[in-house]
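Engineer: below are the sequence and a predicted model; questions follow.
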Amino acid sequence: MTFDCVDAQVVATFWCRALGYVEAPPPTGWSDWPSFLRDHDVPEEEWGDGAAIRPATGEGPTISFLKVPEPKSVKNRVHLDVKVSGGRHVDQELRLTRIRAKESDLVAHGATTQREDVVDGHLDHLVMTDPEGNEFCIA
């Protein structure tokens, strides 16, 4: 999965925090990213144009971020859900506490809350945007 963005490093750092991910290591055969980029003739001024993150365990999907010239212009057709509540079967006060704590942390790191979706009188999830306006939910 790849996010197009204006600042790959900023967006990758945000998503590391949101998902508990870490910077992905360079491909097998290279000891670091500068060596890989140099070996692939990427000019140094473009080294910050991309980033990759993965789960801290190494198991699970890698997410890439790629600088593009055009800004985001429409709503995402695909988005990530950051699941922190434990599900609808969890006590509503505990769910609310977990969702609000994650919201507070991510807002402090550049996210914006767009709306609150309520089901049966209780907060079900928040619709948020990352620092570049990509939508995601906290559930």
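Structural biologist: Here it is on my side, so go on.

Engineer: in three-state terms, label the most centrally placed residue in the chain for me.
Structural biologist: The centroid of the chain falls nearest to residue 15 when counting by Cα atoms, centre = their mean (2.7 Å). Here residue 15 is recorded as helix under DSSP: H, G, I helix; E, B strand; the rest coil.

Engineer: also residue 94?
Structural biologist: Strictly by three-state DSSP, residue 94 counts as helix.

Engineer: swap in residue 104?
Structural biologist: Secondary structure assignment for residue 104 (three-state DSSP): helix.

Engineer: that one and residue 113: what is the separation?
Structural biologist: Counting by Cβ to Cβ, to the nearest Å, the gap from residue 104 to residue 113 is 10 Å. For every residue, glycine as well, the C-beta is placed using N, CA and C.

Engineer: burial count for residue 95?
Structural biologist: Each residue near residue 95 was counted by other Cβ atoms under 10 Å, and the total is 21.

Engineer: once you drop chain neighbours, what's closest to it?
Structural biologist: Once flanking residues are discounted, residue 95 sits nearest to residue 85: 4.1 Å by Cβ to Cβ, 6 or more residues apart in numbering.

Engineer: my guess is that neighbour is in a helix, correct?
Structural biologist: No: secondary structure of residue 85 (three-state DSSP): coil, not part of a helix.

Engineer: who are the contact partners of it?
Structural biologist: Contacts for residue 85 (Cβ atoms under 8 Å, 6 or more residues apart in numbering) come out as 94-95, 98-99, 139.

Engineer: and with 6 Å instead?
Structural biologist: By Cβ atoms under 6 Å, 6 or more residues apart in numbering, the contact set of residue 85 is 95, 98-99, 139.

Engineer: so what does it look like in phi/psi?
Structural biologist: Dihedral angles of residue 85 (phi, psi; degrees, to the nearest 10) stand at phi -80, psi -30.

Engineer: same question, residue 63
Structural biologist: Residue 63 adopts backbone torsions of phi -120, psi 130, taken as degrees, to the nearest 10.

Engineer: return the residues in contact with it.
Structural biologist: Counting by Cβ under 6 Å, 6+ apart, residue 63 makes contact with 1, 53.

Engineer: which strand residues bridge it?
Structural biologist: residue 53 (DSSP bridges).
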